[in-house]
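Visitor: build me a model:
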Amino acid sequence: MYKVFLNDVPIILSTQKKIGANYTSYPIKTVDIKQLIKDILDKKIQYVNLYHKKEEKLLHHLKKKLKVIIAAGGLVFNDKKEILFIHRKGRWDLPKGKVDKGESLEEGAIREVEEETGVRDLEIVRFIDKTYHILKRNGKYKLKETYWYEMYTTFDGELVPQIEEDIKKVKWKNFQKSQSAVHKSYENIKLLFPPEYLIKHPKDRVS
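Guide: So this is what the prediction gives:
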């Protein structure tokens, strides 16, 4: 099973024709993806399941319908076990961006974190997961496939938001502030965090 987000609406990709009473199901091979996107954005449907009996065919068929953008980014920790967040378009997010031609995924992830935050001396610890979301670029809907890496750095210098990418703030956040930031982030970002980050306390505040 996969989750593909359109805004914060999850489109489920599964091998089951029926996954719940609230879900509208379509065969992924034949679904009109443009009409489906329009119906979701118009709030005509809220719960969507795209199915195929073979799991390996799910993304294959979706990628035939939407051009794919490959991106990479980082969940970055420092010596204080704080997490690096960026603030863009009114939400907290993690640094990421499109991988350039000729770059490896790891190289692209490190470059994007550096460019968006000013952080240096990054070391990749492990691959975390891939996330998927649908976005509109140049009038066309595309599928962004983002590869996420856990990173570590000893960098304690100035944080510099990449203004040209509409990033307003860059912040290191401790556990409690990270919890609050995650709740004010995107649904696909929440998938990267363990359950304890998704439990919000009433006294949490984001600086």
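
Visitor: C-alpha only now, for contacts and for neighbours.
Guide: Noted.

Visitor: any weak-confidence spans in this structure?
Guide: For the chain, the stretches flagged by pLDDT under 70 are 200-207.

Visitor: which neighbouring elements make contact with the longest strand seen in the chain?
Guide: Across the chain, the longest stretch assigned as strand under DSSP state E is strand 122-137. Packing partners of strand 122-137 (3 or more CA pairs under 8 Å, 6 or more residues apart in numbering; DSSP states H and E): strand 2-6, strand 140-153, helix 187-190.

Visitor: could you pull out the buried residues of it?
Guide: 122-124, 130-134 (16 or more other CA atoms under 10 Å).

Visitor: and what of stretch 88-103?
Guide: 88, 92-99.

Visitor: pull the most distant pair out of the residues you listed.
Guide: Farthest-apart pair in those is Trp92 and Val99; separation 21.4 Å (CA to CA).

Visitor: pull the longest helix from this protein.
Guide: helix 105-117 (DSSP state H).

Visitor: show me what that helix is in contact with.
Guide: 71-74, 86, 95-100, 119-120, 122, 124, 147-149, 159-162, 165, 167, 170 (CA atoms under 8 Å, 6 or more residues apart in numbering).

Visitor: what's around Asn22, how many residues?
Guide: Residues lying near Asn22 (other CA atoms under 10 Å) number 12.

Visitor: distance check, the closest residue to it other than its chain neighbours against Lys144.
Guide: Distances taken as CA to CA, 6 or more residues apart in numbering put Tyr47 closest to Asn22, at 6.3 Å, once the chain neighbours are dropped. According to CA to CA, to the nearest Å, Tyr47 and Lys144 sit 20 Å apart.

Visitor: who's more crowded, the two?
Guide: Set Tyr47 next to Lys144 and count neighbours by other CA under 10 Å: Lys144 wins out with 23 against 17.

Visitor: for Tyr152, the count of nearby residues, please.
Guide: Neighbours of Tyr152 under the rule other CA under 10 Å: 20.

Visitor: quick one: it and Leu122 touch, right?
Guide: Yes: the pair Tyr152 / Leu122 is scored as a contact, 5.8 Å apart, by CA atoms under 8 Å.

Visitor: about what we covered before: of the buried residues of stretch 88-103, which is the nearest to Phe5?
Guide: Asp93 (14.9 Å).

Visitor: in the sheet, who's paired with that closest one?
Guide: Ile86 (DSSP bridges).
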